[in-house]
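Student: turn this into a model:
(2 chains)
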2 protein chains.
Amino acid sequence: MSSPYKRLRLSLETPVPSDYEISRSQVPKQITEVAKESGILDSEVEPYGSYKAKVKLDVLDRLSGRKNGKYVLVTGITPTPLGEGKSTTTVGLAQALGAVLGKRVFANVRQPSMGPTFGVKGGAAGGGYSQVIPMDEFNMHLTGDIHAVSMANNLLAAALDTRLFHEATQTNKGLWKRLCPVQKDGSRDIPRGLGPRVKKLGLDKKDPRDWTEEEIGKFVRLDIDPETITWKRVLDLNDRSLREVTINQAPTEKGLLRKTGFDISVASEVMAILALSTSVEDMRERLGRIVVASSKSGEPVTCEDLGCAGALAAIMKDAIKPNLMQTLEGTPVFVHAGPFANISIGASSVLADKIALKLVGTESPEEEPGYVVTEAGFDFTMGGERFLNIKCRNSGLSPDVIIIVATVRALKVHGGGAAVKANQPLAPEYTSENLEMLKKGCANLQKHIQNARQYGVDVIVAINQMTLDTANEHEVIRQAAIEAGAVDAIVSNHWEKGGAGAEDLALGVIKCSHKEYPVQQTRDEKFHYLYSVEGESSIQSKIESIAKKMYNADSVEFSPKALQKLEEYTKQGFTNLPICMAKTQYSLSHDPNWKGVPSGYVFPVKDIKASIGAGYLYALADKIQTIPGLATRCGFMNVELNEKGEIEGLF
Amino acid sequence: MSSPYKRLRLSLETPVPSDYEISRSQVPKQITEVAKESGILDSEVEPYGSYKAKVKLDVLDRLSGRKNGKYVLVTGITPTPLGEGKSTTTVGLAQALGAVLGKRVFANVRQPSMGPTFGVKGGAAGGGYSQVIPMDEFNMHLTGDIHAVSMANNLLAAALDTRLFHEATQTNKGLWKRLCPVQKDGSRDIPRGLGPRVKKLGLDKKDPRDWTEEEIGKFVRLDIDPETITWKRVLDLNDRSLREVTINQAPTEKGLLRKTGFDISVASEVMAILALSTSVEDMRERLGRIVVASSKSGEPVTCEDLGCAGALAAIMKDAIKPNLMQTLEGTPVFVHAGPFANISIGASSVLADKIALKLVGTESPEEEPGYVVTEAGFDFTMGGERFLNIKCRNSGLSPDVIIIVATVRALKVHGGGAAVKANQPLAPEYTSENLEMLKKGCANLQKHIQNARQYGVDVIVAINQMTLDTANEHEVIRQAAIEAGAVDAIVSNHWEKGGAGAEDLALGVIKCSHKEYPVQQTRDEKFHYLYSVEGESSIQSKIESIAKKMYNADSVEFSPKALQKLEEYTKQGFTNLPICMAKTQYSLSHDPNWKGVPSGYVFPVKDIKASIGAGYLYALADKIQTIPGLATRCGFMNVELNEKGEIEGLF
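Tutor: Numbers count the residues shown, from 1 in each chain, chains lettered A, B, ... in the order given. Below you'll find the predicted structure:
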């Protein structure tokens, strides 16, 4: 079979070396070669060094006539803190489809934050023999998109605080004189960025010299209520000291102290906008719609009102182009956007998926479609739900197959096994066969399968093989999966074997996406969302749908604060938006200690926040930490440049 | 004459359009073509998109046998807030040498901060028909070097504050257990990044299990005195609210409040290190030497003590490679590093200069050498002095010619003209001939010329022509310049005419660097520094040398704080370092209102700070603002993406 990609051969070693050693032992292809093999024209590629490139959005126009390829979503069961291998499966499956089976394929993954890179977590490029390479470039800077997100986010913050300062220290007339300076012909100039505000206020037909005092006041004074400011600054680092800070303490700031805080950059709404935008224009509009605070009279104050949406878009001009890299076996990868799974959608970008689906798409029914494999953060019920109800609602796309990654280890935890922690020895139930515990734990997997099937999409369970697993254990999982309605459950060993280890899984995906499994196993329903965003559907009812149908809760309890926010957002007209649920990933419920399938409980909503630019409200079941800390012994303590200038000790 | 560069032709318009319009009207060459024309091998170039590339340091090894080309330093007289056109002259001169006269040439310039880009200042890419293009890419992100500087700086800050937190909340034993975890064989692991600290404490021959309690205490406790912390966080934005902040206000931080602040990224010592490093290894060592605080017993605490110097170097791995761009007429430009002129050296990188001097260098005496034209921030007496005493001392290089850029306008200010301010109409003395005022003001130019000649280098004055200048005025400047010892004074009109406007200046530079001016005009001394850093020379005496010989002060007065710092740095062994003076750029003295050549005054040193990694102490004549603010009407308010996705309104 002739493959579109020159396969990079693996020389498998046992035991499997560190991710970094494997990555460095492979010589990647020049990224221009990967682009060519993927059907991207030279004029559409902007290389960043030898192994990374930006791909222009022009591809979408050129290939608009094509039918999309198959869209495969990789999700997981409720994980342990060690992770169950979704990224590894995503990459391994792409290697199997592309390098082993010769199909056209893209793996679309998120760009990782540099915070955890120097903290405690491993890389996010997959692992073992299923990785995106070069892994150090993947994990650091990439092409600067996160830096652009930070800059855009922080320019808006600086604009906001500076505006508060200027409004506090200048008269209406003074502000007006400065904002609209006199031109040579005596007229007054309105800065382009404030054009939309002038229009919103109905002043656009008038010369600023003809504004009444009241109109001047309306134009120059956003009259922000400092207590309502939701916009924070960001840094792409685990800097716990910045969680809460008091700013404006320099004497130059005249005592206008304000308490605020920093988030990690990937938690910025700008990152969510990057992930959800469908074009440059759409991104520009979303940036303008960002709500940063309310005025003292309760009106939402937007980025557009501050006059800096155009500048934010300019900062993000290149970030919006997906980044091309490759897997360890030479198949193409898009790395694009990385919104924080804890409070955002935790999925890579809509644009990368759209472009990849066209690149592997078909121009005639005789052609065989290729595959775009992409991942949603956390388990199916968090990441998958948001992927379908938020990301797919934005893109208009829907997956052909949903993969749920399960491990024997995590299912045993759900069956009552001891807690599993990073850097600690495993309890005996994890190092020997224990079918009873596993059977009990499979309830968790079954709930995720049933949840996924509610959307009308076929489900395959990928059993991510680990060294101490037994064949009996795999069979237990397989039977439970089929019983719950999965079309198949397939063992995959891509971490140890690369694409070859995921060949069976790839064959299953091909069969499923072409509806070749026996009819009684597959869904004949069409894809549909869990809830409607428009019409009668209130914010409460959407949250209740998710909590009851997905989390198995009996009911939802809204805190007084959440109820107040509900009222506020309803008044401001933000009801027609999907909901992003922010809760622990370690349970189907809101309590990380409740394993398996919790039932008969009340799901609490403590607060509701808004990402109007990104286009969703998010409901918080708990206080979510939006900037992690560093451990006493940190990742950064192992990192060094060697004599060749290469990075060592990254993972 | 055959030029090494394909010349991009200018279509000159009158009046000169905006910088942005000029930049966008030119179609740049592919950066790979510019690289080839410059003698850089394909394997040494890493393109970042079509018009920017990183150049590998390997070039230096390959060309180590070559004799350097000619090194031309562009400086200026004491400027007005409008700027006197040093960057424009640097770029215009390179266009004249390369595109007009067909010589091999590089213009080496700083990367501008994005803060002022969205604030009030114009671009730093030159202007008019002498620019680095594309100017929007030059002014935003470039290849991410400033972002890398910010990340490295802020990782160190996070590491420092987290260490304070961990030391405050853990016992010695607890810290030891976590920092040196047990291995499978029972031994304890020392993180690689703390190896240097183990060595410094003399513990390297011992297993951590054998350390005494005292040794454990020494290893795990940096015992930082929070009052001595000098390391601040940075952002590449004009965010005045962050000038002073209180951190650690989240309940998780247990009340360990600390007052600190943010600087603009280009003020980071990491940026100065990027500018001054001579190799990757040298950068790694300098990063390790950064002093962030003192211990309670008065010992300096370094980045190496915190175990994160390797990680900082990893973050800066690509930033250390110079960035290749081109001028409006297609000659090569290195854009690399941009240390803040207010408190640092305000010059581009040593490595870019070294590489460029080899690229335009010669392999045999018959070959004609090319030219590297580079700029030092502010006037000669600030930027030039630092360039020679700090940058050249680091690189071992010395300039063949010093250019001092002067304008009629600024010299009239020094002759008693009214103050000149941005965005305000000029007083009548600036719009008509005024030879008397100009003659008086030429004293300022003459002092800069005499100052430059103290280093044993020939000086050419470039009269940067402006629309309302008269020939008589130019002649006044020329005579004053020659009288003060300049080898020549040449009118240049590169802003309006591009390289053709700077042809005479270029011919003067060629003549001067080949010692073809009459002997009585040129210097036969060899290049030498103003002061020695080693031996008897105390910190005070170095500061006095600069103040008296350069600034024309009678004496220096050290504040009690400065004296205390002198004592501290002397005790810590930091005496053998050059001095970076931080004072206003609007006067030869410390008082921005004293124009011309102030004399008979006492120069105040209010504080002394240390950049041990970068390798200098800096003496402050005043409080220097290290993070600017945004104006009521800001640059960002004009910026928008047009329907083609191009940035409009940047300058």
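
Student: touching, A:Thr32 and A:Pro47? I think so.
Tutor: Yes - A:Thr32 lies in contact with A:Pro47 (Cβ atoms under 8 Å); the separation is 6.0 Å. Using the backbone N, CA and C atoms, a C-beta is placed for each residue, glycine as well.

Student: in chain A, where's the longest helix?
Tutor: Ranked by number of residues, the top helix in chain A under DSSP state H is helix A:145-169.

Student: among the helices and strands of chain A, which has the poorest mean pLDDT?
Tutor: helix A:114-117 (a mean of 81; mean pLDDT, DSSP states H and E).

Student: do that one and chain B meet?
Tutor: Yes - contact of helix A:114-117 with chain B (Cβ under 8 Å from any Cβ of the partner chain) involves A:Met114.

Student: now that helix, how far from the centre of its chain.
Tutor: Computed by Cα atoms, centre = their mean, to the nearest Å, the chain-centroid distance of helix A:114-117 equals 15 Å.

Student: could you do stretch A:301-320 as well?
Tutor: That offset, for stretch A:301-320, works out to 20 Å (Cα atoms, centre = their mean).

Student: residue of the stretch 351-500 of chain A closest to chain B, please.
Tutor: Per Cβ to the nearest Cβ, A:Asn423 is where the stretch 351-500 of chain A lies closest to chain B, at 7.5 Å.

Student: and for that residue, the neighbour number?
Tutor: 10 (other Cβ atoms under 10 Å in any protein chain shown).

Student: also the one 4 residues further on?
Tutor: Other residues within reach of A:Ala427 by the criterion other Cβ under 10 Å amount to 13.

Student: what do you get for A:Glu525?
Tutor: Counted with other Cβ under 10 Å, A:Glu525 comes out at 11.

Student: what strand or helix carries A:Ala443?
Tutor: Taking DSSP states H and E as the criterion, A:Ala443 maps to helix A:435-453.

Student: how about that helix, which residues are buried there?
Tutor: A:437-453 (16 or more other Cβ atoms under 10 Å in any protein chain shown).

Student: now for it, which elements pack on it?
Tutor: Other helices and strands packing on helix A:435-453, by 3 or more Cβ pairs under 8 Å, 6 or more residues apart in numbering or on different chains; DSSP states H and E, are strand A:70-76, strand A:401-406, helix A:408-414, strand A:458-464, helix A:471-483.

Student: quick one: closest of those to B:Asp204.
Tutor: Proximity to B:Asp204 (Cβ to Cβ) singles out helix A:408-414 among the helices and strands packed on helix A:435-453, at 39.3 Å.

Student: C-alpha coordinates for that closest one, CSV please?
Tutor: Extracted C-alpha coordinates of helix A:408-414, given in CSV (Å, rounded to 0.1, in the frame of the first residue of the first chain):
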residue,chain,number,x,y,z
VAL,A,408,-7.0,-1.4,33.9
ARG,A,409,-5.4,0.7,36.6
ALA,A,410,-8.0,3.5,36.6
LEU,A,411,-10.9,1.1,36.4
LYS,A,412,-9.6,-0.7,39.5
VAL,A,413,-9.6,2.7,41.3
HIS,A,414,-13.2,3.0,40.4
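
Student: what's it in contact with?
Tutor: A:77-80, A:82, A:84, A:419-420, A:426, A:429-430, A:434, A:437-438, A:440-445, A:463, A:466, A:469, A:473-474, A:477, A:595-596 (Cβ atoms under 8 Å, 6 or more residues apart in numbering or on different chains).

Student: just the helices in the stretch 51-200 of chain A please.
Tutor: Counting by DSSP state H, counting those that start in this stretch, residue ranges of the helices within the stretch 51-200 of chain A are A:58-62, A:86-95, A:114-117, A:135-139, A:145-169, A:172-179, A:195-200.

Student: quick one: residues in contact with the last one.
Tutor: The list of residues contacting helix A:195-200 from outside it, by Cβ under 8 Å, 6+ apart, reads A:190, A:204, A:219, A:288, A:304-305, A:307, A:309.
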